[in-house]
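3D model of this:
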Amino acid sequence: MTVKFFSFLGTGSYTKCRYKFDDIESSSSCYVQEALIAILLKKKVDLKSIFIFKTKEATDTNWNKNKKYPYEAGLDGVLSKYENKLSINPVDIPSGQNEDELWEIFDSVSQQIDEGDEIIFDITHSFRSLPILALIILNYAKFVKKCEIRGIYYGAIEAVGKEIKDIEEKDIAPIFDLTPFVRLLDWTVGIDRFIETGDARHINHLMKLGTKELHLKGMKDERNILSDFSQKLEKYTKNVATCRGKEISNGGLKLKDTLEDAVSIADKAYIKPMKPVIDRLNDRFKNFDNDENKNMLEIVKWCSEHNQIQQGFTILEEGIISYLCDKFRFDKNIKKDREIIEQAIYIKHKSLQKDKDKWREKAKENEDAIKNILNKFNEENDKNLIKVLYEEIKPIRNDINHAGYNEGSMDAEKFETKLKNLIDKVRKYINQNYDVR
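Down below sits the predicted model:
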C-alpha cells in the first residue's frame, strides 16, 4: 500500500510558528504542510507522495511565492528538500465557484487515488468548503477504491492564544488529530448496515480499531470488555445468518451478559458512536432468558427486523420442532428424536392415526414412541400450532428454498408481513403469556 499526503493550499498570509503533534515539535515554518510532513516522517510514517491541490490564486500567492515573507521560498521551494525522498505532486484545481467547478475538483482529487491507497489529509487551509468537499470525496473513494483514510489533521494556529499578527516563530501551535471524527462516517455506514441487515462485520471492524486505541491509551479493562463484546456479537450474528439452531440461543445469552459491561464503557471517546448499537441490543436482548423456546421467538423477531426473511422462516419451523421435542421429552439435539416428533405431527396433521399403511418408514420403525406422542396430542394449542406449521410455515419455507420455482409461489413483497404475522401466531400457541415486542 502507498501512503499519500493530501493538502489544499490557500491564499492566506501565513505566519511562522512551530507546530506540535504527539510530543513532536517541528521547526518554525509558515506552511503547516512542511511542519506536518516533517512530524509524520519523524513518526516513521511511510509517506511516498505529496499532493498539493492549489487554485490559480494559491499558486500565485503561496506556491511560487511566499505571500507573508516575499523574500523566502513559496511552498514549492520549501518542499523541494524532499524531492529525493518523496514524490511531490502539485495539482491545479478551480476555485469551486460553481457546480461544474466542484465536479472538476471531484475529478482532480479522485484521479490521484489508486486502489488500496492510504490517505493522510491536512485540512488546515484553503478556500471555504474545499477541504470538506475533499473529505466527502475521500470517503466515497474509500468504498469505490478500497482506500483508507489513515489520518485527518488540522494545524490550529488560532489555539496559540494570540492574535495572528502577534504570533512569533517560537510560539507553538498544536496539530489536532481529527481522525476519530472521520470514523463517525464509518460508524454511520456500519450502524445502518447492522440495523437494516443484522450484518455486524463493519461495526466489528470498527470495534477492533477501538480496542487498539484503548490499548494504546493503557485502558486494559475497557479494551478487554470491548474485545469480548465484539467477539460475541460477531458470533451471534453469524449464527443467526447461517441458522445455527443449537448455538443461537446460548450465544444470545452470552451476548446479553456482556451488554452491561459494554454499556459501562460506551462513553469512551474512541467508541462513543457505538452507543446506539449497544442501546438497541440491550433493548432487544432483555427478554432473553434460559427458556430456549422464548429465545427462539426473539431470534425470529430479530430476523424479521433485519430483513433475514429466509433465516426467520427456517428458525421458526425448526424452533417449533424443538419446542415439541421439549414438550414430549425428546432430545431436540438428536436427529432421530427430531424425526420421530416430525413423523408424529405429520400423522396427526393428516389424521393417519389409524391408517398405519400410510405411515412413513421412520414412523413404522418407532411405532410405540409415535403412539405415545399421539396420545398426548390433545391440547387445542398443539393442534393449532401443527396446523400453522403445515399449512403456513412449511409451504413458505419450501417456496423460498426452491427459489420460487414451485407452483403457487408467493410474491417477494409478502414474505416480510407473513413472517411478522406468524411470529404472533406461534407465540400465542407456544406461550400465551409470553409477549414478543
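
Only alpha carbons, please: show stretch 190-205 as PDB.
The C-alpha atoms that make up stretch 190-205 are tabulated as PDB, following Å, rounded to 0.1, in the frame of the first residue of the first chain:
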ATOM      1  CA  GLY A 190     -21.700   0.300   9.900                       C
ATOM      2  CA  ILE A 191     -24.700   1.000  12.100                       C
ATOM      3  CA  ASP A 192     -27.000   1.500   9.000                       C
ATOM      4  CA  ARG A 193     -25.900  -1.900   7.700                       C
ATOM      5  CA  PHE A 194     -26.300  -3.600  11.000                       C
ATOM      6  CA  ILE A 195     -29.800  -2.200  11.600                       C
ATOM      7  CA  GLU A 196     -31.000  -3.000   8.100                       C
ATOM      8  CA  THR A 197     -29.500  -6.400   7.700                       C
ATOM      9  CA  GLY A 198     -28.100  -7.600  11.000                       C
ATOM     10  CA  ASP A 199     -24.600  -7.800   9.400                       C
ATOM     11  CA  ALA A 200     -22.200  -6.800  12.200                       C
ATOM     12  CA  ARG A 201     -19.000  -7.200  10.200                       C
ATOM     13  CA  HIS A 202     -18.400  -3.500   9.600                       C
ATOM     14  CA  ILE A 203     -19.100  -2.400  13.200                       C
ATOM     15  CA  ASN A 204     -17.000  -5.300  14.400                       C
ATOM     16  CA  HIS A 205     -14.100  -4.000  12.300                       C
END
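
For that stretch, list every residue counted as buried.
When burial is assessed from 16 or more other C-beta atoms under 10 Å, stretch 190-205 yields the following buried residues: 190, 191, 193, 194, 198, 199, 200, 202, 203, 204. (Each C-beta comes from the backbone N, C-alpha and C, glycine too.)

per-residue confidence at the residue of the chain most remote from its centre?
What lies farthest from the middle of the chain is residue 354; by C-alpha atoms, centre = their mean that is 55.9 Å. pLDDT for residue 354: 86.

does it sit in a helix, a strand or a coil?
Judged by DSSP: H, G, I helix; E, B strand; the rest coil, the three-state class of residue 354 is coil.

ok, it to residue 113 distance?
For residue 354, the distance to residue 113 under the criterion C-beta to C-beta, to the nearest Å works out to 75 Å.

The helix or strand hosting residue 88 - contacts with which helices or strands?
Residue 88 belongs to strand 87-92 when elements are defined using DSSP states H and E. Secondary-structure packing of strand 87-92 (3 or more C-beta pairs under 8 Å, 6 or more residues apart in numbering; DSSP states H and E): strand 47-54, helix 99-110.

what's it in contact with?
Applying C-beta atoms under 8 Å, 6 or more residues apart in numbering, the contact partners of strand 87-92 are 48-56, 59, 63, 76, 79-80, 82, 108-109, 112.

and what of stretch 326-335?
Here stretch 326-335 has contacts from 246, 292-293, 321-322, 324-325, 337-338, 340-341, 344, 372-373, 376, 382, using C-beta under 8 Å, 6+ apart.

Show me which of the buried residues of stretch 190-205 is closest to residue 430.
residue 198 (22.9 Å; C-beta to C-beta).

Show the pLDDT at the closest residue in space to that closest one that isn't next to it in sequence.
Nearest residue to residue 198, sequence neighbours excluded (C-beta to C-beta, 6 or more residues apart in numbering): residue 306, at 3.2 Å. What the model reports as pLDDT for residue 306 is 89.

List the residues that contact residue 306.
195, 196, 197, 198 are the contacts of residue 306 under C-beta under 8 Å, 6+ apart.

From the residues you listed, which land in helices?
Among these, DSSP state H puts 195, 196, 197 in helices.

any idea which of those is closest to residue 399?
residue 197 (21.5 Å).

And the closest one, how close does it get to residue 393?
According to C-beta to C-beta, residue 197 stands 23 Å off from residue 393.

number of nearby residues for the closest residue to residue 337 other than its chain neighbours?
Nearest non-adjacent residue to residue 337, counting by C-beta to C-beta, 6+ apart: residue 330, 3.9 Å away. By other C-beta atoms under 10 Å, the residues close to residue 330 number 21.

Check for me that residue 330 belongs to a helix.
No: going by three-state DSSP, the assignment for residue 330 is coil, not a helix.

Need phi/psi at it.
Backbone torsions for residue 330, taken as degrees, to the nearest 10, come to phi -110, psi 160.

send the alpha carbons of stretch 268-288 over as CSV?
Extracted in CSV, the C-alpha atoms of stretch 268-288 (Å, rounded to 0.1, in the frame of the first residue of the first chain):
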residue,chain,number,x,y,z
LYS,A,268,-15.2,6.3,25.9
ALA,A,269,-14.0,8.7,23.1
TYR,A,270,-12.9,6.2,20.5
ILE,A,271,-16.0,4.0,20.7
LYS,A,272,-18.7,6.6,21.6
PRO,A,273,-20.5,6.1,18.3
MET,A,274,-21.3,2.5,19.1
LYS,A,275,-23.6,3.6,22.0
PRO,A,276,-26.8,3.5,19.8
VAL,A,277,-25.8,-0.1,18.8
ILE,A,278,-25.5,-1.2,22.4
ASP,A,279,-28.7,0.5,23.4
ARG,A,280,-30.5,-1.2,20.6
LEU,A,281,-29.0,-4.6,21.5
ASN,A,282,-29.8,-4.0,25.2
ASP,A,283,-33.4,-3.4,24.3
ARG,A,284,-33.6,-6.5,22.1
PHE,A,285,-31.9,-9.0,24.4
LYS,A,286,-33.5,-8.0,27.7
ASN,A,287,-36.2,-10.7,27.0
PHE,A,288,-33.6,-13.4,26.6
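
neighbouring contacts of that stretch?
180, 183-184, 187, 191, 194-195, 203, 206-207, 209-210, 213-214, 217, 219, 222, 226, 233, 249, 252-253, 255-256, 259, 262-263, 265-267, 294-295, 298, 302, 436-437.

just the buried members of those residues?
180, 183, 187, 191, 194, 203, 206-207, 210, 213-214, 219, 222, 226, 233, 249, 252-253, 255-256, 259, 262-263, 265-266, 294-295, 298, 302.
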